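A.B. asks: The sequence and its predicted three-dimensional model are supplied below.
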Amino acid sequence: LATAATALALAVTGTSAMAACDDGEMVIKFSHVTNTDKHPKGIAASLFMERVNAEMDGKVCVEVYPNSTLYNDDQVLEAMLQGDVQMAAPSLSKFETFTKIYRIFDLPFMFKNMDAVEEFQQSEVGQDMKEAMVRRGLLGLGFWHNGLKQFSANKPLVAPTDAAGLKFRVQPSDVLVAQMEALDASPQPMSFSEVYGALQTGVVDGQENTWSNIYGQKFFEVQDGITETNHGLLDYMVVTSVDWWEGLDADIREQLSTIMSEVTTERNAAIAEVDMENRQAVLDAGGVIRELDAEQRQAWVDVMKPVWAQFEGDVGADNIAAAQEINA
Ligand code: LMR
């Protein structure tokens, strides 16, 4: 059963992702790359838009541009610094040129589940990470959840050796490149909007992503199957420009901040439900899901976890220890 909030968000996303802003309202462009229907980021961005446009009507108006219709993730942060877009929520893998601290979130098998992710992000260390890019002009407003990643390819993946020699699309993150190299696979960084075509035409053989992205982009249609590895995290940072944010009237900034924080809490609390809906939707649409037993999964851990050592200096051994304590 959908909660009232889910129903509201779905109603919003079902009708239109764009708002009609009135003359005199300050427009906030929110750009993202995923679908809106059923997707954790799509739902959260639409709910933020809906609430701002209702509660700040006449003063502020949010326009959401989903599906990479305005920018890809590799363009949006520069556009934000130029003042062409005010908000975005790229995955934590896409801030490499701004900070290396988020690499902790890309390290394979760092978090055992989304509760552990939530607890780490809510800790003082996690909350401080929202300010990691202030010097570079970007401010984090909140972590938004998506979920744990699964592998898929154009052949069955059961043992890690099955991935050897295959080309995998990855997000532009050195950790993810190292992770694929640990599997003797060939990592191919590319934009999200190009992945379906690249899988379809054989430019790449496989990819890693969450259930909502695998369903939302229909990757399962052009892959042999999806292996439920839960091997890494894909989460988001909602970001804005420091200059723009600090230039807002204090009351406007406070109200936006309150709405953002309420939307974040509400939608992050619903993540397990949305994730499982998308997993089920893949099955209902005829996608093949392969589950691993404990021993089979451990084989992936053994091959991929050694990449932590390469990035310990970037993310901090103490941060890794803090994350592991939460997992315990
Ligand atoms: C990806 O590029 O695979 C993801 O970061 C897309 C997204 O925003 O979930």
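C.D. replies: Perfect, I can see it now. Numbers count the residues shown, from 1 in each chain.

A.B. asks: Please count neighbours and contacts with C-alpha atoms only from this point.
C.D. replies: Fine.

A.B. asks: For the stretch 1-150 of the chain, which residues score under the pLDDT cut-off?
C.D. replies: 1-19 (pLDDT under 70).

A.B. asks: That one against the ligand: which residues are in contact?
C.D. replies: 33, 34, 90, 91 (CA under 6 Å from any ligand atom).

A.B. asks: Include secondary structure when you put those residues into a markdown table, please.
C.D. replies: Converted to a markdown table, these look like this (DSSP: H, G, I helix; E, B strand; the rest coil):
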| residue | secondary structure |
| --- | --- |
| 33 | coil |
| 34 | coil |
| 90 | coil |
| 91 | strand |
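
A.B. asks: State the next helix or strand along the chain beyond the helix or strand residue 309 falls within.
C.D. replies: Assigned by DSSP states H and E, residue 309 belongs to helix 308-315. Using DSSP H and E, the helix or strand that follows helix 308-315 towards the C-terminus is helix 317-327.

A.B. asks: roughly how far apart are whichever residue of the stretch 1-150 of the chain sits closest to the ligand and residue 77?
C.D. replies: Going by CA to the nearest ligand atom, the ligand is nearest to residue 91 of the stretch 1-150 of the chain, at 4.5 Å. Residue 91 is 12 Å from residue 77, where distance means CA to CA, to the nearest Å.

A.B. asks: Neighbour count for the two, which is higher?
C.D. replies: residue 77 (27 against 21; other CA atoms under 10 Å).

A.B. asks: sec struct for the more buried one, please.
C.D. replies: Per three-state DSSP, residue 77 ends up helix.

A.B. asks: burial count for residue 229?
C.D. replies: 24.

A.B. asks: Which residue is the nearest non-sequential neighbour of it?
C.D. replies: residue 150 (5.2 Å; CA to CA, 6 or more residues apart in numbering).

A.B. asks: How about residue 315?
C.D. replies: In space, residue 315 is closest to residue 101, 4.8 Å off (CA to CA, 6+ apart).

A.B. asks: tell me the contacts of the one you found?
C.D. replies: Each residue near residue 101 by CA atoms under 8 Å, 6 or more residues apart in numbering is listed here: 129, 132, 314, 315, 316.

A.B. asks: Can I get the buried part of those as one PyMOL selection?
C.D. replies: Buried residues among the contacts of residue 101 (16 or more other CA atoms under 10 Å), as a PyMOL selection:
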select buried, resi 129+132+315
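
A.B. asks: Turn the contacts of residue 101 into a markdown table, including distance to residue 242.
C.D. replies: Formatted as a markdown table, the contacts of residue 101 follow (distance: CA to CA, whole Å):
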| residue | distance to residue 242 |
| --- | --- |
| 129 | 15 |
| 132 | 12 |
| 314 | 24 |
| 315 | 23 |
| 316 | 25 |
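
A.B. asks: Measure how buried residue 279 is and give me the count.
C.D. replies: 20.

A.B. asks: ok, now residue 53?
C.D. replies: So residue 53, with other CA under 10 Å, has 20 neighbours.

A.B. asks: Just to check, it is in contact with residue 64?
C.D. replies: No: with contacts counted by CA atoms under 8 Å, residue 53 stays clear of residue 64, the gap being 11.4 Å.

A.B. asks: one step back: tell me if the residue nearest to residue 315 really is in a helix.
C.D. replies: No: Residue 101 is assigned coil when assessed by three-state DSSP, not a helix.

A.B. asks: Residue 107 versus that one, what's the distance?
C.D. replies: From residue 101 across to residue 107, the span is 11 Å (CA to CA).

A.B. asks: what helices or strands is the longest strand along the chain leaning on?
C.D. replies: In the chain, with assignment by DSSP state E, the single longest strand is strand 138-148. Applying 3 or more CA pairs under 8 Å, 6 or more residues apart in numbering; DSSP states H and E, one finds that strand 138-148 contacts helix 40-55, helix 114-122, strand 233-241, helix 250-269, helix 271-284.

A.B. asks: what does the second one contact?
C.D. replies: Just to be clear, that refers to helix 114-122. In contact with helix 114-122 (CA under 8 Å, 6+ apart) are residues 111, 126, 127, 143, 147, 148, 272, 322, 323, 326, 327.

A.B. asks: what about 10 Å?
C.D. replies: 105, 110-111, 126-130, 142-148, 233, 235, 268-269, 271-272, 319, 322-328 (CA atoms under 10 Å, 6 or more residues apart in numbering).

A.B. asks: buried sites along it?
C.D. replies: For helix 114-122, using 16+ other CA under 10 Å, the buried residues are 114, 116, 117, 118, 120, 121.

A.B. asks: next helix or strand past it?
C.D. replies: helix 124-128.

A.B. asks: which strands and helices sit next to that next one?
C.D. replies: Contacts defined by 3 or more CA pairs under 10 Å, 6 or more residues apart in numbering; DSSP states H and E place helix 124-128 against helix 114-122, strand 138-148, helix 317-327.
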